[in-house]
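Chemist: With the sequence up front, the predicted model follows.
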Number of protein chains: 2
Amino acid sequence: MRQSKIPQATAKRLPLYYRFLTNLNHQGVTRVSSKELSKAVKVDSATIRRDFSYFGALGKKGYGYNVEYLLGFFRKTLDQDELTEVALIGVGNLGTAFLHYNFVRNNNTKIVMGFDADPNKIGTEIDNIPIYDIDHLDDKLGDVQVAILTVPVSEAQEITDQLVKKGISGILNFTPARITVPENVRVHHIDLAIELQSLAYFLKHYPLD
Amino acid sequence: MRQSKIPQATAKRLPLYYRFLTNLNHQGVTRVSSKELSKAVKVDSATIRRDFSYFGALGKKGYGYNVEYLLGFFRKTLDQDELTEVALIGVGNLGTAFLHYNFVRNNNTKIVMGFDADPNKIGTEIDNIPIYDIDHLDDKLGDVQVAILTVPVSEAQEITDQLVKKGISGILNFTPARITVPENVRVHHIDLAIELQSLAYFLKHYPLD
DNA sequence: AATTGTGAATTGATTCACAGCT
DNA sequence: AGCTGTGAATCAATTCACAATT
């Protein structure tokens, strides 16, 4: 498990491949070429072959890849069975969107609890996920290792500190705050405003036509 | 405007810089070094200096950067005044989160209308943004160039086709579908499930400690 | 005939490290 | 004395292009 030699860029694409292969499998497709897959996932076919090759020779020359075999392989690799439990911090619109997303197919992650400050939400369940009082983070969080942070920006750092104190390992941060954490905590930032602004910027400065 | 020679990675960080510089300015800070800024935005200081250098020599050696001057510069560069109008397609939880986000500071983008199929939403306004019937996309969209796509995955491609027909230039796609568009349309994918899965994957395979 | 798997080339981005300026 | 701006080095990812294989 330690020190995989798979490039990070490849690792990020694995869930994508997995999802599309699952779709193909459901549709009864038994074989697929890197070129076909490329069309579906919008990743260059050479990149796909390179990505797959890190796991060994999974395909057959002149034939392509056997969907079921490939899927079985990825299932193991992605720890598709070993579930990662996730806590959702902040049950606003964005947080609620996540709760509803939850039980779509590819579950190697599962939101097991939510936290909020709103008394109308505390004690309720959304899609069977209990919502606790944010002030009880300490008691309720248990040993959950991953948190989705969808709180107002003003609270982001303070709540992060609490999560860190409880020993969290990873945070998916949707607030615009660039939160500070110790070296051993991994943070992925998704900044919706920046995504939109940078799309606009690219449209103006890097025209496609 | 055509063919800027700024690296894409730099371009993506500009809105981030801009936001933090605005904060500093509001706090009355007048000068900042690349090292200080690095701490705040979590980007290596050499990268920051390199990024800035694409716009010329904006700083002073031994001193750092003048916040106001830098801001003025970026304002122009980011077309902070030239507003990009955006349509939000799909007013579910995720879409609503965007509508509320809207009028935070850095506005070079503005959501001007929403679309949904739900009769309870059609005809209403959320934060002063009118919600139209998705079936009236054709009449209402006008010449809006950018769309945020937050519809169920099953509708993604069909609605994309409509947007394309109306001449959209950019789509921020939050559905898990890898939508197909002509070459001259730019699509940025943000796939929440994949972000979560890949964070979990990194935690397991690329431990930080 | 078709498609993989991969060396080699290329492209893109980051980081080092320091001369030069204020 | 301190910090920028940048050449050079490094690192990471993509893409080319084709020999090998079914």
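Modeler: Great, that's in hand.

Chemist: domain parsing for chain A?
Modeler: A:8-77, A:84-194 (automatic domain parsing).

Chemist: Now the longest strand along chain A: buried residues?
Modeler: What stands out as the longest strand in chain A, according to DSSP state E, is strand A:109-116. Residues of strand A:109-116 classed as buried by neighbour count (16 or more other C-beta atoms under 10 Å in any protein chain shown): A:109, A:111, A:112, A:113, A:114, A:115, A:116. All C-beta spots, glycine's among them, are computed from the backbone N, C-alpha and C.

Chemist: Could I get the average pLDDT for that strand?
Modeler: For strand A:109-116, the mean pLDDT works out to 95.

Chemist: can you list the residues that contact it?
Modeler: A:83-92, A:95, A:98-99, A:102, A:121-122, A:126, A:129-134, A:136-137, A:140-141, A:144, A:146, A:148, B:196-197, B:200 (C-beta atoms under 8 Å, 6 or more residues apart in numbering or on different chains).

Chemist: count of neighbours near residue A:160?
Modeler: 24 (other C-beta atoms under 10 Å in any protein chain shown).

Chemist: Over to the one 5 residues further on?
Modeler: Residue A:165 is flanked by 10 other residues according to other C-beta under 10 Å.

Chemist: Assess the claim that residue A:121 and residue A:91 are in contact.
Modeler: Yes. Using C-beta atoms under 8 Å, residue A:121 is in contact with residue A:91, at 5.4 Å.

Chemist: Give me the common contacts of the two.
Modeler: In terms of C-beta under 8 Å, 6+ apart, residue A:121 and residue A:91 are both contacted by the residues A:114, A:131.

Chemist: Look at the two and report which has more neighbours.
Modeler: Comparing residue A:121 with residue A:91 by other C-beta under 10 Å, the one with more neighbours is residue A:91, at 25 against 20.

Chemist: Arrange the buried residues of strand A:109-116 in TSV, one row each, with distance to DNA strand C as further columns.
Modeler: Putting the buried residues of strand A:109-116 into TSV (distance: C-beta to the nearest atom of the strand, whole Å) gives the following:
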residue	distance to DNA strand C
A:109	27
A:111	30
A:112	34
A:113	35
A:114	33
A:115	33
A:116	35
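
Chemist: What is the nearest of those to residue B:37?
Modeler: Among the buried residues of strand A:109-116, residue A:115 lies closest to residue B:37 (C-beta to C-beta), at 32.0 Å.

Chemist: Return the distance of the closest one relative to residue A:130.
Modeler: Here the criterion is C-beta to C-beta, to the nearest Å. By it, residue A:115 lies 10 Å from residue A:130.

Chemist: Around DNA strand C, pick out the residues from chain A.
Modeler: A:33-35, A:45-46, A:49-50, A:52-53, A:57-65 (C-beta under 7 Å from any atom of the strand).

Chemist: Going through those, which ones are buried?
Modeler: A:33, A:34, A:49, A:52, A:59, A:64, A:65.

Chemist: out of those, which are inside helices?
Modeler: If you go by DSSP state H, those have A:34, A:49, A:52 in helices.

Chemist: Just give me the closest of those to chain B.
Modeler: residue A:34 (15.3 Å; C-beta to the nearest C-beta).

Chemist: Tell me the predicted confidence for the closest one.
Modeler: At residue A:34, the pLDDT recorded in the model is 98.

Chemist: Go ahead and confirm it touches residue A:44.
Modeler: No. With contact defined as C-beta under 8 Å, residue A:34 does not reach residue A:44; the gap is 9.1 Å.
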